[in-house]
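1. sequence-free structure coming up:
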Ligand SMILES: Cc1cc2nc3c(=O)[nH]c(=O)nc-3n(C[C@H](O)[C@H](O)[C@H](O)COP(=O)(O)O)c2cc1C
(Lines give C-alpha, C1' and ligand atoms only; values in the text may rest on other atoms or scores of the structure.)
Protein backbone atom coordinates (compact mmCIF):
# COMPACT_ATOMS: atom_id res chain seq x y z
CA UNK A 1 0.00 0.00 0.00
CA UNK A 2 1.29 3.44 -0.82
CA UNK A 3 2.11 5.72 2.10
CA UNK A 4 0.25 8.89 2.87
CA UNK A 5 1.76 12.07 1.49
CA UNK A 6 3.79 14.03 4.01
CA UNK A 7 4.50 17.61 3.09
CA UNK A 8 6.50 18.48 6.11
CA UNK A 9 8.86 16.70 8.44
CA UNK A 10 8.16 17.41 12.08
CA UNK A 11 10.36 20.25 13.20
CA UNK A 12 11.19 18.18 16.31
CA UNK A 13 13.18 15.83 14.09
CA UNK A 14 15.37 18.69 12.92
CA UNK A 15 15.95 19.72 16.51
CA UNK A 16 16.71 16.13 17.48
CA UNK A 17 19.32 15.95 14.73
CA UNK A 18 20.91 19.18 15.87
CA UNK A 19 21.07 18.12 19.46
CA UNK A 20 22.24 14.57 18.64
CA UNK A 21 25.17 16.01 16.77
CA UNK A 22 25.51 19.14 18.89
CA UNK A 23 24.96 21.41 15.89
CA UNK A 24 24.47 25.07 16.72
CA UNK A 25 21.60 26.85 14.99
CA UNK A 26 23.99 29.28 13.39
CA UNK A 27 25.89 26.43 11.73
CA UNK A 28 23.00 25.65 9.44
CA UNK A 29 21.20 28.02 7.11
CA UNK A 30 18.53 26.86 4.64
CA UNK A 31 17.70 23.28 5.47
CA UNK A 32 14.47 23.52 3.62
CA UNK A 33 13.04 22.51 0.26
CA UNK A 34 10.00 24.66 -0.30
CA UNK A 35 7.68 23.84 2.61
CA UNK A 36 9.70 20.81 3.68
CA UNK A 37 12.08 21.21 6.61
CA UNK A 38 15.03 18.88 6.50
CA UNK A 39 16.81 17.28 9.41
CA UNK A 40 20.25 17.65 7.81
CA UNK A 41 21.86 19.42 4.85
CA UNK A 42 23.38 16.14 3.62
CA UNK A 43 21.32 14.33 1.03
CA UNK A 44 21.36 10.95 -0.58
CA UNK A 45 21.73 11.57 -4.32
CA UNK A 46 19.89 9.85 -7.11
CA UNK A 47 22.14 7.03 -8.31
CA UNK A 48 20.89 4.69 -11.00
CA UNK A 49 21.32 1.08 -9.94
CA UNK A 50 22.06 2.05 -6.33
CA UNK A 51 19.74 4.54 -4.62
CA UNK A 52 16.80 2.21 -4.17
CA UNK A 53 14.78 2.15 -0.96
CA UNK A 54 17.35 -0.14 0.66
CA UNK A 55 20.21 2.30 0.17
CA UNK A 56 18.03 5.24 1.15
CA UNK A 57 16.80 3.72 4.41
CA UNK A 58 20.24 2.58 5.49
CA UNK A 59 21.43 6.15 4.86
CA UNK A 60 18.47 7.75 6.65
CA UNK A 61 19.12 5.66 9.76
CA UNK A 62 22.61 7.15 9.77
CA UNK A 63 21.77 10.84 9.54
CA UNK A 64 20.71 11.42 5.93
CA UNK A 65 18.05 14.14 5.83
CA UNK A 66 16.69 13.82 2.30
CA UNK A 67 16.89 11.31 -0.50
CA UNK A 68 16.22 11.18 -4.20
CA UNK A 69 15.27 8.18 -6.31
CA UNK A 70 17.27 7.15 -9.29
CA UNK A 71 16.08 8.65 -12.58
CA UNK A 72 12.85 6.94 -13.62
CA UNK A 73 11.89 6.98 -17.27
CA UNK A 74 8.66 8.88 -17.83
CA UNK A 75 7.38 6.45 -20.42
CA UNK A 76 7.85 3.48 -18.10
CA UNK A 77 5.75 5.24 -15.48
CA UNK A 78 3.13 6.27 -18.04
CA UNK A 79 2.84 2.76 -19.49
CA UNK A 80 1.75 1.41 -16.10
CA UNK A 81 1.85 -2.30 -15.27
CA UNK A 82 4.92 -4.01 -13.90
CA UNK A 83 7.30 -1.16 -14.87
CA UNK A 84 5.28 1.32 -12.86
CA UNK A 85 4.90 -1.04 -9.93
CA UNK A 86 8.64 -1.62 -9.75
CA UNK A 87 9.51 2.06 -10.18
CA UNK A 88 7.36 3.31 -7.31
CA UNK A 89 8.80 2.12 -4.04
CA UNK A 90 8.62 4.18 -0.87
CA UNK A 91 7.34 3.61 2.63
CA UNK A 92 6.63 5.77 5.69
CA UNK A 93 10.25 5.84 6.78
CA UNK A 94 11.39 6.98 3.35
CA UNK A 95 10.49 10.70 3.61
CA UNK A 96 11.13 13.40 2.68
CA UNK A 97 11.89 12.10 -0.76
CA UNK A 98 12.08 13.38 -4.31
CA UNK A 99 10.97 11.15 -7.14
CA UNK A 100 13.20 11.90 -10.07
CA UNK A 101 11.90 11.59 -13.63
CA UNK A 102 13.66 11.72 -16.96
CA UNK A 103 12.18 12.05 -20.44
CA UNK A 104 11.88 14.36 -23.42
CA UNK A 105 8.24 15.20 -24.03
CA UNK A 106 6.19 17.67 -22.00
CA UNK A 107 3.12 15.44 -22.12
CA UNK A 108 4.73 12.25 -20.82
CA UNK A 109 6.93 14.11 -18.35
CA UNK A 110 3.96 15.90 -16.83
CA UNK A 111 1.94 12.69 -16.74
CA UNK A 112 4.82 10.86 -15.04
CA UNK A 113 5.21 13.71 -12.54
CA UNK A 114 1.52 13.46 -11.65
CA UNK A 115 1.86 9.70 -11.14
CA UNK A 116 4.82 10.20 -8.79
CA UNK A 117 3.04 12.96 -6.87
CA UNK A 118 -0.06 10.77 -6.54
CA UNK A 119 2.10 7.94 -5.22
CA UNK A 120 3.30 10.07 -2.30
CA UNK A 121 6.66 11.51 -3.37
CA UNK A 122 7.09 14.82 -1.55
CA UNK A 123 9.02 16.53 -4.34
CA UNK A 124 9.35 15.85 -8.05
CA UNK A 125 12.82 16.35 -9.50
CA UNK A 126 13.36 16.72 -13.26
CA UNK A 127 16.60 15.21 -14.49
CA UNK A 128 18.23 17.57 -17.01
CA UNK A 129 21.69 16.32 -16.12
CA UNK A 130 22.30 12.74 -17.20
CA UNK A 131 25.22 12.62 -19.67
CA UNK A 132 24.77 9.06 -20.94
CA UNK A 133 24.81 9.04 -24.76
CA UNK A 134 21.74 6.84 -25.09
CA UNK A 135 19.83 9.35 -22.95
CA UNK A 136 21.15 12.53 -24.56
CA UNK A 137 20.49 11.13 -28.03
CA UNK A 138 16.87 10.70 -27.11
CA UNK A 139 16.68 14.38 -26.12
CA UNK A 140 16.51 13.53 -22.42
CA UNK A 141 18.65 14.36 -19.39
CA UNK A 142 21.64 16.58 -20.18
CA UNK A 143 20.34 17.18 -23.69
CA UNK A 144 17.92 19.67 -22.15
CA UNK A 145 20.88 22.01 -21.62
CA UNK A 146 21.29 22.16 -25.41
CA UNK A 147 17.61 22.49 -26.20
CA UNK A 148 16.30 25.25 -23.97
CA UNK A 149 12.96 25.41 -25.69
CA UNK A 150 12.29 21.77 -24.89
CA UNK A 151 13.49 22.20 -21.31
CA UNK A 152 11.18 25.17 -20.84
CA UNK A 153 8.20 23.32 -22.33
CA UNK A 154 8.77 20.36 -20.04
CA UNK A 155 9.10 22.54 -16.94
CA UNK A 156 5.94 24.48 -17.81
CA UNK A 157 3.94 21.35 -18.55
CA UNK A 158 4.96 19.76 -15.25
CA UNK A 159 4.22 22.94 -13.31
CA UNK A 160 0.78 23.31 -14.98
CA UNK A 161 -0.11 19.73 -14.18
CA UNK A 162 1.14 19.68 -10.60
CA UNK A 163 -0.16 22.98 -9.25
CA UNK A 164 1.87 24.02 -6.24
CA UNK A 165 3.55 20.66 -5.57
CA UNK A 166 7.28 21.24 -4.82
CA UNK A 167 9.39 20.83 -7.96
CA UNK A 168 13.16 20.79 -8.33
CA UNK A 169 15.47 20.44 -11.29
CA UNK A 170 18.78 18.61 -11.60
CA UNK A 171 21.29 20.32 -13.89
CA UNK A 172 24.92 20.19 -14.93
CA UNK A 173 26.79 23.53 -14.82
CA UNK A 174 26.40 23.67 -18.65
CA UNK A 175 26.35 21.36 -21.65
CA UNK A 176 29.97 22.21 -22.49
CA UNK A 177 32.45 24.99 -21.83
CA UNK A 178 31.25 27.41 -24.52
CA UNK A 179 29.80 30.80 -23.51
CA UNK A 180 26.57 29.87 -25.35
CA UNK A 181 26.24 26.79 -23.16
CA UNK A 182 26.59 28.94 -20.06
CA UNK A 183 23.86 31.26 -21.36
CA UNK A 184 21.60 28.28 -21.91
CA UNK A 185 22.21 27.06 -18.35
CA UNK A 186 21.07 30.44 -17.02
CA UNK A 187 18.00 30.49 -19.26
CA UNK A 188 16.99 27.10 -17.87
CA UNK A 189 17.61 27.92 -14.21
CA UNK A 190 15.92 31.33 -14.51
CA UNK A 191 12.88 29.61 -16.00
CA UNK A 192 12.85 27.18 -13.11
CA UNK A 193 12.88 30.05 -10.60
CA UNK A 194 10.19 31.92 -12.50
CA UNK A 195 7.97 28.83 -12.43
CA UNK A 196 8.42 28.54 -8.67
CA UNK A 197 10.76 25.55 -8.60
CA UNK A 198 11.85 25.28 -4.97
CA UNK A 199 15.45 24.19 -5.56
CA UNK A 200 18.00 23.37 -8.23
CA UNK A 201 20.66 20.72 -7.99
CA UNK A 202 23.79 21.63 -9.87
CA UNK A 203 26.49 19.12 -10.66
CA UNK A 204 29.53 21.30 -11.24
CA UNK A 205 30.71 19.36 -14.29
CA UNK A 206 29.52 19.89 -17.84
CA UNK A 207 27.43 17.25 -19.61
CA UNK A 208 30.36 16.68 -21.96
CA UNK A 209 32.65 15.99 -19.02
CA UNK A 210 30.46 13.07 -17.94
CA UNK A 211 32.24 11.98 -14.74
CA UNK A 212 35.79 12.91 -15.77
CA UNK A 213 37.93 15.80 -14.60
CA UNK A 214 37.07 17.87 -11.58
CA UNK A 215 33.80 19.42 -10.60
CA UNK A 216 34.16 23.23 -10.69
CA UNK A 217 33.12 24.25 -7.17
CA UNK A 218 33.73 27.99 -7.73
CA UNK A 219 30.81 27.83 -10.17
CA UNK A 220 28.63 26.81 -7.22
CA UNK A 221 29.99 29.66 -5.10
CA UNK A 222 29.12 32.18 -7.84
CA UNK A 223 25.72 30.61 -8.35
CA UNK A 224 24.80 30.86 -4.69
CA UNK A 225 25.99 34.47 -4.62
CA UNK A 226 23.87 35.22 -7.65
CA UNK A 227 20.78 33.56 -6.14
CA UNK A 228 21.20 34.01 -2.38
CA UNK A 229 17.55 33.38 -1.58
CA UNK A 230 17.19 30.26 -3.70
CA UNK A 231 17.87 26.76 -2.46
CA UNK A 232 20.79 25.17 -4.25
CA UNK A 233 22.12 21.64 -3.94
CA UNK A 234 25.82 21.39 -4.70
CA UNK A 235 27.04 18.26 -6.45
CA UNK A 236 30.31 16.88 -7.73
CA UNK A 237 33.38 15.34 -6.11
CA UNK A 238 31.90 14.75 -2.68
CA UNK A 239 33.69 11.54 -1.78
CA UNK A 240 34.18 11.91 1.97
CA UNK A 241 32.47 13.56 4.91
CA UNK A 242 35.24 16.17 4.89
CA UNK A 243 34.48 16.93 1.21
CA UNK A 244 30.80 17.37 2.07
CA UNK A 245 31.56 19.90 4.80
CA UNK A 246 34.16 21.64 2.64
CA UNK A 247 31.65 22.09 -0.17
CA UNK A 248 29.07 23.40 2.29
CA UNK A 249 31.44 25.92 3.79
CA UNK A 250 33.40 26.92 0.69
CA UNK A 251 30.57 27.37 -1.77
CA UNK A 252 27.71 28.43 0.53
CA UNK A 253 25.25 26.07 -1.16
CA UNK A 254 22.37 25.04 1.05
CA UNK A 255 22.39 21.31 0.60
CA UNK A 256 25.00 18.76 -0.31
CA UNK A 257 24.17 16.03 -2.80
CA UNK A 258 26.19 12.98 -1.81
CA UNK A 259 26.48 10.54 -4.69
CA UNK A 260 29.45 8.21 -5.26
CA UNK A 261 30.70 9.09 -1.79
CA UNK A 262 27.66 7.36 -0.24
CA UNK A 263 27.99 4.05 -2.07
CA UNK A 264 29.00 1.55 0.59
CA UNK A 265 29.42 4.43 3.05
CA UNK A 266 26.11 5.26 4.74
CA UNK A 267 28.08 6.66 7.71
CA UNK A 268 29.13 9.63 5.60
CA UNK A 269 25.94 11.46 6.63
CA UNK A 270 26.52 11.37 10.38
CA UNK A 271 30.26 11.91 9.97
CA UNK A 272 29.59 15.03 7.89
CA UNK A 273 27.14 16.31 10.52
CA UNK A 274 29.74 15.90 13.25
CA UNK A 275 32.42 17.63 11.23
CA UNK A 276 30.07 20.43 10.35
CA UNK A 277 29.58 21.13 14.01
CA UNK A 278 33.18 20.70 15.01
CA UNK A 279 35.96 20.48 12.43
CA UNK A 280 38.26 19.05 15.10
CA UNK A 281 35.99 16.19 16.11
CA UNK A 282 37.59 12.82 15.82
CA UNK A 283 35.78 10.68 13.29
CA UNK A 284 36.51 7.00 13.43
CA UNK A 285 35.84 4.56 10.61
CA UNK A 286 32.84 2.29 11.24
CA UNK A 287 33.73 -0.72 13.36
CA UNK A 288 33.37 -4.20 11.94
CA UNK A 289 30.19 -4.62 14.03
CA UNK A 290 28.74 -1.41 12.60
CA UNK A 291 29.64 -2.55 9.10
CA UNK A 292 27.97 -5.90 9.68
CA UNK A 293 24.83 -4.20 10.95
CA UNK A 294 24.60 -1.93 7.89
CA UNK A 295 25.29 -4.77 5.47
CA UNK A 296 22.61 -6.97 7.04
CA UNK A 297 20.09 -4.15 7.05
CA UNK A 298 20.89 -3.24 3.46
CA UNK A 299 20.61 -6.80 2.24
CA UNK A 300 17.38 -7.50 4.12
CA UNK A 301 15.63 -4.51 2.59
CA UNK A 302 17.08 -5.27 -0.85
CA UNK A 303 15.69 -8.82 -0.57
CA UNK A 304 12.24 -7.49 0.30
CA UNK A 305 12.32 -5.23 -2.73
CA UNK A 306 14.05 -7.28 -5.39
CA UNK A 307 13.90 -10.91 -4.30
CA UNK A 308 16.96 -13.07 -3.67
CA UNK A 309 18.45 -13.22 -7.13
CA UNK A 310 18.37 -9.53 -8.09
CA UNK A 311 19.16 -8.44 -4.52
CA UNK A 312 22.21 -10.72 -4.67
CA UNK A 313 23.44 -9.04 -7.87
CA UNK A 314 22.85 -5.54 -6.55
CA UNK A 315 24.40 -6.33 -3.19
CA UNK A 316 27.50 -7.78 -4.76
CA UNK A 317 28.50 -4.35 -6.08
CA UNK A 318 27.43 -2.76 -2.81
CA UNK A 319 29.44 -5.27 -0.77
CA UNK A 320 32.50 -4.43 -2.86
CA UNK A 321 32.16 -0.77 -1.89
CA UNK A 322 31.46 -1.58 1.78
CA UNK A 323 34.57 -3.78 1.85
CA UNK A 324 36.79 -0.67 1.64
CA UNK A 325 36.31 -0.15 5.39
CA UNK A 326 37.53 -3.62 6.28
CA UNK A 327 41.17 -4.14 7.37
CA UNK A 328 41.35 -7.04 4.89
CA UNK A 329 39.67 -4.99 2.13
CA UNK A 330 41.22 -6.79 -0.85
CA UNK A 331 40.26 -10.27 0.36
CA UNK A 332 36.77 -9.24 1.43
CA UNK A 333 36.18 -7.53 -1.90
CA UNK A 334 37.27 -10.67 -3.68
CA UNK A 335 34.81 -12.76 -1.67
CA UNK A 336 31.95 -10.36 -2.34
CA UNK A 337 32.69 -10.60 -6.06
CA UNK A 338 32.25 -14.38 -5.86
CA UNK A 339 28.91 -14.26 -4.02
CA UNK A 340 26.18 -16.18 -5.91
CA UNK A 341 23.55 -16.91 -3.29
CA UNK A 342 22.14 -15.83 0.03
CA UNK A 343 24.21 -18.57 1.67
CA UNK A 344 27.45 -17.22 0.09
CA UNK A 345 26.51 -13.77 1.34
CA UNK A 346 25.99 -15.05 4.87
CA UNK A 347 29.28 -16.92 4.69
CA UNK A 348 31.16 -13.72 3.85
CA UNK A 349 29.50 -11.96 6.78
CA UNK A 350 30.22 -14.80 9.19
CA UNK A 351 33.80 -15.12 8.06
CA UNK A 352 34.77 -11.46 7.89
CA UNK A 353 32.30 -9.46 9.91
CA UNK A 354 31.92 -11.43 13.16
CA UNK A 355 34.42 -9.49 15.25
CA UNK A 356 34.16 -6.28 17.24
CA UNK A 357 37.41 -4.91 15.77
CA UNK A 358 37.87 -1.40 14.43
CA UNK A 359 37.41 -0.63 10.74
CA UNK A 360 39.83 1.29 8.54
CA UNK A 361 39.57 4.32 6.28
CA UNK A 362 39.46 3.27 2.62
CA UNK A 363 42.51 3.23 0.52
CA UNK A 364 41.78 5.20 -2.71
CA UNK A 365 42.30 2.10 -4.82
CA UNK A 366 40.31 -0.23 -2.61
CA UNK A 367 37.27 -0.56 -4.87
CA UNK A 368 36.66 0.19 -8.53
CA UNK A 369 35.29 3.58 -9.36
CA UNK A 370 31.65 3.76 -10.40
CA UNK A 371 31.19 6.08 -13.33
CA UNK A 372 27.99 5.66 -15.18
CA UNK A 373 24.42 6.70 -14.85
CA UNK A 374 21.59 5.01 -16.67
CA UNK A 375 18.01 5.29 -15.62
CA UNK A 376 16.45 2.00 -14.75
CA UNK A 377 14.10 0.59 -17.32
CA UNK A 378 11.85 -1.48 -15.17
CA UNK A 379 13.72 -2.98 -12.31
C1 LIG B 1 26.46 5.16 -11.13
C2 LIG B 1 25.85 6.52 -11.16
C3 LIG B 1 24.50 6.66 -11.31
C4 LIG B 1 23.92 7.94 -11.31
N5 LIG B 1 22.57 8.04 -11.43
C6 LIG B 1 21.97 9.25 -11.33
C7 LIG B 1 20.56 9.36 -11.36
O8 LIG B 1 19.82 8.39 -11.54
N9 LIG B 1 20.04 10.61 -11.19
C10 LIG B 1 20.83 11.71 -11.02
O11 LIG B 1 20.31 12.82 -10.85
N12 LIG B 1 22.17 11.63 -11.00
C13 LIG B 1 22.76 10.42 -11.14
N14 LIG B 1 24.12 10.34 -11.08
C15 LIG B 1 24.90 11.55 -10.84
C16 LIG B 1 25.18 11.71 -9.33
O17 LIG B 1 23.99 11.85 -8.61
C18 LIG B 1 26.12 12.90 -9.03
O19 LIG B 1 25.52 14.08 -9.48
C20 LIG B 1 27.47 12.74 -9.69
O21 LIG B 1 27.98 11.45 -9.47
C22 LIG B 1 28.46 13.79 -9.20
O23 LIG B 1 28.70 13.66 -7.83
P24 LIG B 1 30.04 12.90 -7.27
O25 LIG B 1 31.19 13.37 -8.15
O26 LIG B 1 30.14 13.39 -5.86
O27 LIG B 1 29.78 11.44 -7.41
C28 LIG B 1 24.73 9.09 -11.15
C29 LIG B 1 26.10 8.94 -11.02
C30 LIG B 1 26.68 7.69 -11.02
C31 LIG B 1 28.15 7.57 -10.87
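-> Received it, and whenever you're ready, just let me know what you need. Just so you know, these numbers come straight off a predicted model, no measurement behind them.
2. ok, now how distant is the residue nearest to residue 239 when sequence neighbours are not counted from the ligand?
-> If you skip the residues right next to it in sequence, residue 239 has residue 261 as its closest partner in space, 4.3 Å away by CB to CB, 6 or more residues apart in numbering. Every residue, glycine included, has its C-beta placed from N, CA and C. For residue 261, the distance to the ligand equals 5 Å [CB to the nearest ligand atom, to the nearest Å].
3. Mind pulling up the pLDDT for residue 261?
-> Predicted confidence (pLDDT) for residue 261: 97.
4. And residue 45, by the same measure?
-> For residue 45, pLDDT reads 98.
5. Can you pull out the residues in contact with stretch 213-232?
-> 30, 32-34, 173, 189, 193, 198-205, 234-237, 247, 250-255 (CB atoms under 8 Å, 6 or more residues apart in numbering).
6. Those residues also near the ligand: which ones?
-> 203, 235, 236, 237 (CB under 6 Å from any ligand atom).
7. what's the burial count for the second one?
-> The criterion is other CB atoms under 10 Å. On that basis, residue 235 has 28 neighbouring residues.
8. ok, now which ones touch it?
-> 45, 201, 202, 203, 204, 215, 256, 257, 259.
9. Tell me how far it lies from residue 41.
-> 13 Å (CB to CB, to the nearest Å).
10. Determine the residues that are contacts of both of the two.
-> residue 256.
11. And for the closest residue to residue 240 other than its chain neighbours, the neighbour number?
-> Leaving aside its sequence neighbours, residue 240 sits nearest to residue 261 (CB to CB, 6+ apart; 6.2 Å). Residue 261: 20 surrounding residues under other CB under 10 Å.
12. so residue 261 touches residue 242, yeah?
-> No - at 10.2 Å, residue 261 and residue 242 do not qualify as touching, with contact defined as CB atoms under 8 Å.
13. if I look at the residue nearest to residue 239, how far off is residue 50?
-> 12 Å.
14. Next: residue 158.
-> From residue 158 over to residue 50 (counting by CB to CB), the distance is 25 Å.
15. Please apply the same query to residue 237.
-> In terms of CB to CB, residue 237 sits 17 Å off from residue 50.
16. who has more neighbours, the two?
-> In terms of neighbours (other CB under 10 Å), residue 50 is the more surrounded of residue 237 and residue 50; the figures are 23 against 20.
17. how many neighbours does the closest residue to that one other than its chain neighbours have?
-> The shortest distance from residue 50 to any non-neighbouring residue, by CB to CB, 6+ apart, is to residue 263 (5.7 Å). Look at residue 263: counted by other CB under 10 Å, it has 24 neighbours.
18. what does the stretch of helix or strand residue 150 belongs to contact?
-> According to DSSP states H and E, residue 150 maps onto helix 148-162. Contact partners of helix 148-162, identified using CB under 8 Å, 6+ apart, comprise 103-107, 109-111, 113-114, 117, 124, 126, 128, 139, 143-145, 167, 169, 184, 187-188, 191-192, 195-197.
19. Among those, which are located in helices?
-> Among those, DSSP state H puts 106-107, 109-111, 113-114, 117, 184, 187-188, 191-192 in helices.
20. could you redo the residues you listed as TSV and give each row pLDDT and neighbour count?
-> Listed next are those as TSV, based on pLDDT from 0 to 100; neighbours: other CB atoms under 10 Å:
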residue	pLDDT	neighbour count
106	98	18
107	98	14
109	98	27
110	98	25
111	98	19
113	98	27
114	98	18
117	97	21
184	98	20
187	98	15
188	98	21
191	98	17
192	98	24
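21. tell me which element the nearest residue to residue 237 once chain neighbours are set aside is part of?
-> The shortest distance from residue 237 to any non-neighbouring residue, by CB to CB, 6+ apart, is to residue 215 (4.3 Å). If you go by DSSP H and E, residue 215 is not part of any helix or strand.
22. Domain map for the protein?
-> 15-277, 288-352 (automatic domain parsing).
23. Distance from the first one to the middle of the chain?
-> Taking CA atoms, centre = their mean, to the nearest Å, one finds the center of domain 15-277 at 7 Å from the center of the full chain.
24. For the stretch 1-150 of the chain, list the residues in contact with the ligand, please.
-> Going by CB under 6 Å from any ligand atom, the residues of the stretch 1-150 of the chain near the ligand are 45, 46, 47, 48, 49, 70, 71, 100, 127, 129.
25. The residues you listed in helices, which ones?
-> Among those, no member falls in helices (DSSP H).
26. Let's have the residues you listed in JSON lines, adding distance to residue 84.
-> Formatted as JSON lines, these follow (distance: CB to CB, whole Å):
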{"residue": "45", "distance to residue 84": "23"}
{"residue": "46", "distance to residue 84": "18"}
{"residue": "47", "distance to residue 84": "21"}
{"residue": "48", "distance to residue 84": "17"}
{"residue": "49", "distance to residue 84": "19"}
{"residue": "70", "distance to residue 84": "15"}
{"residue": "71", "distance to residue 84": "15"}
{"residue": "100", "distance to residue 84": "15"}
{"residue": "127", "distance to residue 84": "18"}
{"residue": "129", "distance to residue 84": "23"}
